[in-house]
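# please work out how this folds:
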Amino acid sequence: MAGGAKKVIMELAQMKCTPYKTGSPPLIRKETMDLLGQVPGWSLHDGHLTRRFTFPDAAACFAFISEIGGFASAEGHVPDICMKEGRFVEVSFYTYLAGGLTLNDFIMAAKLNERGNE
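Numbering: from 1, shown residues only. Below you'll find the model as predicted:
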């Protein structure tokens with residue numbers, strides 16, 4: 001990864017989520033695509049920002065899910081989480097009140113990239 005791209009990712013990961021203001025619009029497609037390039041491993045699935053993390057066993061999955069719960073609650077922006085086959089954790093961000101993706105979704109994805117496996 002180029003040095004500049006790493007710097008942008010670090011900046012997103014250092015940002016704090018801001019409370020969603022009712023009536024604020026979601027990101028437009030261009031903004032979404034620009035930000036998507038700044039969170040490696042994440043993709044769009046049915047309008048949600050999604051990533052699958054792989055772990056050696058269910059215990060590691062549960063530990064990761066617990067960690068996500070703690071920092072997501074502190075940020076005030078909680079993801080949808082699903083564990084599959086005892087080895088995979090799928091995480092999706094979407095701002096339901098906005099009816100789409102917001103900057104908070106990408107901030108959380110960048111923060112999660114720092115915690116999860118690559």
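# surely residue 38 and residue 105 touch.
No. Counting by CB atoms under 8 Å, residue 38 stays clear of residue 105, with 11.9 Å between them. C-beta: built from backbone N, CA, C; applies to glycine.
# list the buried residues of stretch 108-118.
Within stretch 108-118, the residues that count as buried by 16 or more other CB atoms under 10 Å are 108, 109, 110, 111, 112, 113, 116.
# let me have those in a markdown table, extended by pLDDT.
Below are the buried residues of stretch 108-118 laid out as a markdown table (pLDDT from 0 to 100):
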| residue | pLDDT |
| --- | --- |
| 108 | 96 |
| 109 | 96 |
| 110 | 94 |
| 111 | 92 |
| 112 | 93 |
| 113 | 90 |
| 116 | 60 |
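# now do residue 59 against residue 47, distance only.
For residue 59, the distance to residue 47 equals 32 Å [CB to CB, to the nearest Å].
# those two - which one has more neighbours?
Between residue 59 and residue 47, residue 47 has the larger neighbour count (other CB atoms under 10 Å), namely 13 against 10.
# what helices or strands is the helix ranked longest in the chain leaning on?
The single longest helix within the chain, with elements called by DSSP state H, is helix 58-75. Applying 3 or more CB pairs under 8 Å, 6 or more residues apart in numbering; DSSP states H and E, we find helix 58-75 packed against strand 80-84, strand 88-93, helix 103-115.
# I'm done for today, thanks for sticking with me.
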